[in-house]
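Colleague: Could you work out the structure for the sequence below:
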Amino acid sequence: MFQVLGRIGRRRVLQGSTAAFVAFGLLLWWLLPLGESSPGGTVTFSTGTRTGVYQLYGELLQKALAKDMPRLDVKLLNSEGSQENVARVATGEADFTIAAADAVEKYKLAGGPGADQLRGCARLYDDYMHVVVPRASSVDSIRDLRGKKVAVGQPGSGVRLIAGHVLEAAGLDLGKDITPVSEGIGTMPKLLEEGKIDAFFWSGGLPTSAVTDLSTSVDIRLVPIDEDLIAKLHKQGRESRYYRAAVMPADAYPKAQAGTAVPTLAVANLLVTRADTDAELTEGLTRTVIDSRDRIGGEVHAAQLVDLRTAIYTDPLDLHEGARRYYRSVKP
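Modeller: Okay, the predicted model is just below:
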């Protein structure tokens, strides 16, 4: 009799264990759908100069994607900046990048290879044009740069593109009226500190650490770009229409600005890919970009300005289908 009861007890224990296992499996199925998995493979993300904001943003996004899409291997590729980034994605050398809207428009207008394949995923944050000089400099306006030795960014950078337009609006020719120096943000501050250049152009998010660091060791100030100059930029047409009047807040670079806001121009940065990029991958990457805003913004302060309400506006590019799916999924 005791043997029979023992067998009945063991049977009930096994039945109870099986029921519990089934219930646990159903719970997992509800929380983590077994039929779904994150996209895998390898993608290349073209960033920027090693010390620039694009590079830091890329590194932080790479970490965020490692958590959200663990099967995806993201390779970062340094570049000179926006113009090179656009060309890389358009021609398939890179899968994703960040590029300023004016550089995208320039490539499209020039009919660059693969230009018709470019698509937007998100509008990220604005770059602000910095024109940096020593505080004792005689340069008070862009026109005063005539005859000066000025760092204007590398040939493939967005800085070079904007600098050329700004100088033209001020009646100066980049190749004739100044001595242009093809250097990026990694070397510009040191050159200014050593007196090897008189000024430098830089386009980046606020604040850019290299400018902040320079202001702590050298007495510098920022040259204004006033609304009259912005109006002349807009008259140039083409990619110049993507520049807007902006104000650099007084607390962007406290030591350089001495409590004074500085008028300048701003241009939107876009997350860019190609039309043939996998839709599921693009949807997931766009989601991570929006969801990781605060994490990335802790180190790239400009990234805190990424806004779901405006991210969808990727002019001059059409939205990628995968990005469109993401925005539809989160629409109230």
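Colleague: now the helices for the stretch 151-300 of the chain?
Modeller: Assigned by DSSP state H, counting those that start in this stretch, the stretch 151-300 of the chain shows helices spanning 158-169, 188-193, 209-217, 227-236, 254-257, 279-291, 293-297.
Colleague: got a markdown table for the ones you listed, with mean pLDDT too?
Modeller: Shown next, in a markdown table, are those (pLDDT from 0 to 100):
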| stretch | mean pLDDT |
| --- | --- |
| helix 158-169 | 98 |
| helix 188-193 | 97 |
| helix 209-217 | 95 |
| helix 227-236 | 96 |
| helix 254-257 | 95 |
| helix 279-291 | 97 |
| helix 293-297 | 86 |
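Colleague: which one of these lies closest to residue 60?
Modeller: Closest approach to residue 60 among the helices of the stretch 151-300 of the chain is made by helix 293-297 (4.4 Å; C-beta to C-beta). Heads up, the C-betas are built off the backbone N, CA and C, glycines and all.
Colleague: elements contacting that closest one?
Modeller: Contacts defined by 3 or more C-beta pairs under 8 Å, 6 or more residues apart in numbering; DSSP states H and E place helix 293-297 against helix 53-68.
Colleague: Show me what the helix it packs on is packed up against.
Modeller: Under the contact criterion of 3+ C-beta pairs under 8 Å, 6+ apart, helix 53-68 touches strand 41-46, strand 72-77, strand 96-100, helix 279-291, helix 293-297.
Colleague: any chance of these in TSV, with distance to residue 169 too?
Modeller: Shown next, in TSV, are those (distance: least, C-beta to C-beta, whole Å):
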stretch	distance to residue 169
strand 41-46	29
strand 72-77	33
strand 96-100	17
helix 279-291	33
helix 293-297	32
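Colleague: could you dump the ones you listed to TSV with distance to residue 311 and mean neighbour count?
Modeller: Formatted as TSV, these follow (distance: least, C-beta to C-beta, whole Å; neighbours: other C-beta atoms under 10 Å):
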stretch	distance to residue 311	mean neighbour count
strand 41-46	18	18
strand 72-77	20	16
strand 96-100	13	28
helix 279-291	6	21
helix 293-297	9	17
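Colleague: Now do the same contact list for residue 299.
Modeller: 56, 60 (C-beta atoms under 8 Å, 6 or more residues apart in numbering).
Colleague: when you give positions from now on, start the count at 275
Modeller: Sure, I'll start counting at 275 from here, so that last one is residue 573.
Colleague: List the buried residues of the helix or strand containing residue 358.
Modeller: Assessed by DSSP states H and E, residue 358 sits inside helix 356-364. Buried residues in helix 356-364, counted by 16 or more other C-beta atoms under 10 Å: 356, 357, 358, 359, 360, 361, 362, 363, 364.
Colleague: so where's the stretch 325-474 of the chain shaky on pLDDT?
Modeller: Applying pLDDT under 70 to the stretch 325-474 of the chain picks out no residues at all.
Colleague: For residue 475, find the nearest of the helices and strands packed on helix 327-342.
Modeller: strand 370-374 (13.4 Å).
Colleague: Next, the residue lying closest to residue 481 once chain neighbours are set aside: phi, psi?
Modeller: In space, and not counting its chain neighbours, residue 481 is closest to residue 526: 5.1 Å by C-beta to C-beta, 6 or more residues apart in numbering. Backbone torsions of residue 526, given as degrees, to the nearest 10, read phi -60, psi -50.
Colleague: Around the nearest residue to residue 495 once chain neighbours are set aside, how many other residues sit close by?
Modeller: Counting by C-beta to C-beta, 6+ apart, residue 409 is the residue found nearest to residue 495 once chain neighbours are left out, at 4.9 Å. Neighbour count for residue 409, taken as other C-beta atoms under 10 Å: 12.
Colleague: try residue 586
Modeller: 18.
Colleague: which residues does it contact?
Modeller: Counting by C-beta under 8 Å, 6+ apart, the residues that residue 586 touches are 396, 397, 593, 601.
Colleague: now do residue 574
Modeller: Residues in contact with residue 574 (C-beta under 8 Å, 6+ apart) are 327, 330, 331, 334, 479.
Colleague: Mind listing what's buried along stretch 321-341?
Modeller: So stretch 321-341, judged by 16+ other C-beta under 10 Å, has buried residues 321-323, 325-336, 338-339.
Colleague: cool, stretch 412-424 as well?
Modeller: For stretch 412-424, burial by neighbour count (16+ other C-beta under 10 Å) applies to 413, 416, 418, 419, 420, 422, 423, 424.
Colleague: Mind checking which of the residues you listed land in strands?
Modeller: Among the buried residues of stretch 412-424, the members falling in strands (DSSP state E) are 423, 424.
Colleague: Can you give me the end-to-end span of stretch 439-459?
Modeller: Terminal residues of stretch 439-459 lie 19 Å apart, using C-alpha to C-alpha, to the nearest Å.
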